[in-house]
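Colleague: Sharing a sequence plus its predicted fold:
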Amino acid sequence: MMYKAAKGVMPPISATEQIALGSGTIGFDRDIFTGSPSLKHLVDTYDPKLTVEEQDFLDHEVNHLCALLNDYDVSTRKDFTKEAWDYMRNEGFFAMKIPKEWGGKGFSTHAVSAVLSKLATQCFDANATVAVPNSLGPGELLVRYGTQSQKEYFLPRLADGTLIPCFGLTGPHSGSDATSLIGSEGIVEQRNGELGIRATFKKRYITLAPVAGVVGLGLNLHDPNNLLKDQGQEGFTVALLERDHPGLRMGDRHIPLNAAFMNGTVEGEDVWIPMDSILGGQERCGFGWNMFVECLAEGRGVSLPAGSIGAARTVTAAVGAYARVRKQFRVPIAEFGGIQEALADAASDGLICIAGGDLMNAIVDNHEAPMVISSIMKQNCTERGRRIVEKGMDIAAGSAICRGDKNYLGNAYMSLPIAITVEGANIMTRSFQVIGQGLTRCHPHMLELIYSLQGDSSPENVAKFGTQLRKVIGHGLTNFGHSLTRGVGSMVSLSTPFRSSTAYKNGDKLLAHHEKQLLRLSANFALTADLCFTLGGKLKFEELLMGRLADALGGIFLGYATLHHYTRHKNSIKNLEALTEHAMLRLEHEAQQALIDASNNFPGVLGTPASLVMKLGCLQLGGVQLGEYPKPNDALTKEVARLVTTPSEVRDMFQENVYMTNNNEEHQVSDLIRALPVCVRADQAASLIRREKRDATEEEAAWIAHADAIRDALIQVDAFEHATMQEAQPGYVRPALEGTAVRMASLERKSFAFGTAEHIDGKNVERA
């Protein structure tokens with residue numbers, strides 16, 4: 001009877017869902033769902049590093065490309081110069097993931113991430129342009145799945161930059177649900193004895209399409225006459241079409257906000273595609289979802305977060321310096337509490353993005369393709385990146401909104417919302433994908449339970465269901481116990497409610513404390529995931545619940561990533577403890593608050609008892625959360641702000657991989673970073689003079705004057721004689737001024753200062 005009831009509430013799994021469940025890999029995300037993940041396992045398994053060759057590429061080729069790019073010029077021209085395009089092609093920027101045997105760079109994922117984040121510190125459009133060929137290429141798809149003839153033709157041309165690639169997936173009716181491929185249909189036909197596909201498609205939002213030489217085209221393939229004959233199948237299929245393919249239209253551009261990167265449409269009606277043009281050949285027809293999922297982990301989990309990492313480094317390094325350079329009321333604004341709060345939040349969000357990126361890169365370089373973790377990274381890091389830049393804009397204020405060469409934030413501010421929308425809008429990623437995929441794929445018993453309900457009601461399936469159900473119940477009881485014991489243990493040991501505000505300064509104790517809290521939160525999360533079984537198939541419609549659980553899972557994963565980062569760098573970055581503590585307190589608070597909100601709003605017929613079990617296990621009693629995680633206190637916030645607004649090894653960590661010009665070249669970010677120690681030294685001298693109530697020495701006066709001159713130069717903003725080409729035309733008068741002249745001409749008195757017109761020295765002068 002229980003089997004029948006469960007079968008009644010569990011909807012059948014579609015063919016697409018079955019493919020998705022079998023694609024990609026699971027790893028540390030599954031460990032979190034068990035309720036007992038291991039930080040030691042992370043540290044022992046994943047160690048992201050750059051090779052000498054990769055570091056050399058960052059130091060030379062990437063720096064040279066950055067030098068070719070003026071961010072303001074790119075955004076106004078809406079394109080790069082031919083010199084920049086040629087350099088990207090010639091130096092392998094579009095072929096970092098293509099193996100050396102085919103002429104590519106053969107770089108690690110960690111290197112690609114570092115290149116993309118450094119480009120983002122100079123020009124977000126360059127970041128987007130280089131990202132696509134190195135994630136959803138289709139270069140990497142060709143390496144993995146292409147036929148030998150496809151590899152021999154396309155890979156050398158992609159590697160040397162002859163062909164710029166793009167990937168056509170999204171359409172007007174398939175956005176975040178791009179793999180539904182609505183409006184992109186292909187039908188298997190035979191023409192003149194040749195098997196092929198007649199395809200009609202309308203794609204949009206395709207990055208690099210206006211300049212691409214080859215497109216990987218996603219189609220929903222139909223074979224009504226069974227012409228494939230078991231060599232391939234219907235469904236998501238990828239075709240490779242060159243730009244001059246008959247019937248293919250590419251070239252029209254979208255303009256995403258103020259961005260300049262190439263983005264546009266790919267369209268065609270009744271386009272004939274030979275079977276040889278199917279990626280992987282006929283036998284790979286219907287295999288597109290598998291290809292897409294395995295490569296999507298890199299696009300979503302690496303390329304998009306790299307932009308946020310670049311933004312984090314720029315804001316923390318440059319805006320942190322600006323806060324020390326800029327004075328109001330004769331005091332550096334870095335000393336104002338509101339500025340300190342914004343800087344500390346931006347810095348700890350920056351650390352979270354950097355730590356998450358390092359761990360994700362290492363996971364992918366370990367030949368894993370974790371769909372759930374990549375979704376967490378995409379949603380969390382792009383959202384945190386947006387918040388980081390918003391904090392930077394708030395601090396830099398007027399200098400951040402006036403466009404021109406001196407503005408290093410405006411284009412990032414307009415670009416990050418684009419990252420939030422692509423490859424699955426963040427709202428959908430958070431409220432559906434993370435837990436929708438995570439619960440079925442990463443739960444240790446869920447998938448087998450689901451499969452037992454998909455077949456007939458045979459004794460074998462009934463028995464399998466019973467076995468898996470007992471495992472699920474046992475898993476829930478285990479995590480209920482862990483939630484209680486770890487929560488109580490945390491309180492009894494006084495590690496949470498009465499922990500010293502300076503306890504973090506002992507690195508070993510910091511690690512031990514926060515690992516203990518993450519274990520508690522993991523058990524809380526795993527218990528809640530088990531309680532989701534009470535919803536059956538209706539869970540997929542409870543997006544408010546899934547969004548909260550995604551917040552909790554994201555906070556836990558990024559908490560482990562932050563501790564993984566601290567473990568690797570604690571001996572090389574002085575005072576990293578304060579920043580790590582700030583980040584961990586925020587992540588723990590976020591995760592716990594998400595679980596509290598979930599327990600207060602647990603849906604379904606069994607929502608009330610499920611909520612009660614969750615509250616008991618998580619120690620939410622009488623509306624009070626026992627062992628509540630606090631936000632960072634003011635003293636810690638001020639300390640983190642101090643570290644990023646004065647010379648420190650923490651600042652050096654953020655400045656690492658930020659593009660810097662030579663000393664004699666004007667570049668606002670570089671100039672701000674170099675100005676910081678000068679202004680700090682001048683402020684220290686001025687403070688000493690005031691305390692000692694004396695005049696400045698000659699050396700002190702010179703240093704203060706030098707700092708004042710630098711300050712005056714760096715707070716300036718760009719001003720333009722004309723803002724448009726029309727304004728630049730000879731004789732042009734702004735319409736408002738033209739109207740003023742017409743109105744004034746009819747008045748007897750032309751000026752307040754000069755009342756009547758007289759002719760003096762050949763000029764009309766107004767006199768009272």
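Modeller: Received it, and whenever you're ready, just let me know what you need.

Colleague: Just grab the bridge partners of residue 185 for me.
Modeller: Counting by DSSP bridges, residue 185 is bridged to residue 200, residue 220.

Colleague: and the longest helix for the chain?
Modeller: helix 459-492 (DSSP state H).

Colleague: what angle sits between the very next helix or strand once past that helix and helix 459-492?
Modeller: Next in sequence after helix 459-492, counting helices and strands by DSSP states H and E, comes helix 507-531. Per axes from the mean of the first three to the mean of the last three CA atoms, to 10 degrees, the angle that helix 507-531 makes with helix 459-492 is 140 degrees.

Colleague: buried sites along helix 507-531?
Modeller: Using 16 or more other CB atoms under 10 Å as the test for burial, helix 507-531 gives 510-511, 513-531. Where C-beta positions appear, they are placed from N, C-alpha and C, glycine not excepted.

Colleague: on that earlier part again, give the buried residues for the longest helix of the chain.
Modeller: Under 16+ other CB under 10 Å, the buried positions of helix 459-492 are 461-462, 464-465, 468-469, 472, 475-476, 478-480, 482-484, 486-487, 490.

Colleague: Can you name every helix or strand that it contacts?
Modeller: helix 2-9, helix 446-454, helix 507-531, helix 607-617 (3 or more CB pairs under 8 Å, 6 or more residues apart in numbering; DSSP states H and E).

Colleague: Tell me which of these lies nearest to residue 381.
Modeller: helix 507-531 (18.8 Å; CB to CB).

Colleague: Which other helices and strands does the following helix or strand past the closest one contact?
Modeller: Sequence order places helix 543-569 as the next helix or strand after helix 507-531, per DSSP H and E. Counting contacts by 3+ CB pairs under 8 Å, 6+ apart, helix 543-569 packs against helix 28-34, helix 39-45, helix 337-365, helix 371-396, helix 434-442, helix 507-531, helix 576-600.

Colleague: By mean pLDDT, show me the worst of these.
Modeller: When the helices and strands packed on helix 543-569 are compared by mean pLDDT, helix 434-442 comes last with a mean of 87.

Colleague: can you give me the strands in the stretch 201-350 of the chain?
Modeller: Ranges of strands within the stretch 201-350 of the chain are 214-222, 235-242, 249-253, 263-274, 327-328, 331-332, based on DSSP state E, counting those that start in this stretch.

Colleague: looking at these, which is closest to residue 571?
Modeller: Comparing the strands of the stretch 201-350 of the chain by CB to CB, strand 331-332 comes nearest, at 31.5 Å.

Colleague: Sheet-wise, list the partners of that closest one with their directions.
Modeller: strand 327-328 (antiparallel).

Colleague: And the partner strand, how far out from the chain middle?
Modeller: Distance of strand 327-328 from its chain centroid, counting by CA atoms, centre = their mean, to the nearest Å, is 33 Å.

Colleague: Next: stretch 594-607.
Modeller: Taking mean C-alpha positions (CA atoms, centre = their mean), stretch 594-607 and its chain are 29 Å apart.

Colleague: Would you mind putting the CA coordinates of it into PDB?
Modeller: Listed next in PDB are the C-alpha coordinates belonging to stretch 594-607 (Å, rounded to 0.1, in the frame of the first residue of the first chain):
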ATOM      1  CA  ALA A 594      17.700  30.100   5.400                       C
ATOM      2  CA  LEU A 595      17.000  26.900   7.400                       C
ATOM      3  CA  ILE A 596      14.900  28.900  10.000                       C
ATOM      4  CA  ASP A 597      12.800  30.400   7.200                       C
ATOM      5  CA  ALA A 598      12.400  26.900   5.700                       C
ATOM      6  CA  SER A 599      11.200  25.500   9.000                       C
ATOM      7  CA  ASN A 600       8.800  28.400   9.500                       C
ATOM      8  CA  ASN A 601       7.200  27.800   6.100                       C
ATOM      9  CA  PHE A 602       7.500  24.100   5.400                       C
ATOM     10  CA  PRO A 603       4.800  23.300   2.900                       C
ATOM     11  CA  GLY A 604       2.600  20.300   2.100                       C
ATOM     12  CA  VAL A 605       0.000  18.200   3.900                       C
ATOM     13  CA  LEU A 606       2.700  17.000   6.300                       C
ATOM     14  CA  GLY A 607       4.200  20.400   6.500                       C
END
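
Colleague: Give me the contacts around it.
Modeller: If you take CB atoms under 8 Å, 6 or more residues apart in numbering as the criterion, stretch 594-607 is touched by 521, 524-525, 528, 531, 534-535, 538, 542, 544-545, 548-549, 551-552, 555, 608, 610-611, 614-615, 618, 620, 625.

Colleague: what about burial for those residues, which qualify?
Modeller: Applying 16+ other CB under 10 Å to these flags 521, 524-525, 528, 531, 534-535, 542, 545, 548-549, 551-552, 555, 610-611, 614-615, 618, 620, 625 as buried.

Colleague: do you know how far residue 430 is from residue 319?
Modeller: Distance of residue 430 to residue 319, given as CB to CB, to the nearest Å: 27 Å.

Colleague: So for these two, which residue has more residues nearby?
Modeller: residue 319 (31 against 25; other CB atoms under 10 Å).

Colleague: which residues sit in contact with that one?
Modeller: 343, 346, 391-392, 395-396, 409.

Colleague: Quick one: the helices in the stretch 101-250 of the chain, in order.
Modeller: Using DSSP state H, counting those that start in this stretch, the helices of the stretch 101-250 of the chain run over residues 109-120, 124-131, 139-145, 148-159.

Colleague: Export the ones you listed as CSV, with columns for mean neighbour count, mean pLDDT and distance to residue 165.
Modeller: Shown next, in CSV, are those (neighbours: other CB atoms under 10 Å; pLDDT from 0 to 100; distance: least, CB to CB, whole Å):
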stretch, mean neighbour count, mean pLDDT, distance to residue 165
helix 109-120, 26, 97, 15
helix 124-131, 26, 96, 12
helix 139-145, 22, 89, 6
helix 148-159, 18, 97, 6
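
Colleague: low-scoring pLDDT stretches of the stretch 601-750 of the chain, where are they?
Modeller: Regions of the stretch 601-750 of the chain meeting the criterion pLDDT under 70 are absent.

Colleague: Spell out which helix or strand contains the nearest residue to residue 695 once chain neighbours are set aside, please.
Modeller: Leaving aside its chain neighbours, residue 695 sits nearest to residue 689 (7.3 Å; criterion: CB to CB, 6 or more residues apart in numbering). Applying DSSP H and E as the criterion places residue 689 in helix 668-692.

Colleague: residues making contact with that helix?
Modeller: Contacts for helix 668-692 (CB under 8 Å, 6+ apart): 121, 314, 317-318, 320-322, 324-325, 332, 405-408, 645-647, 651, 655, 658-661, 663, 695-696, 700, 703-704, 706-708, 710-711, 713-714.
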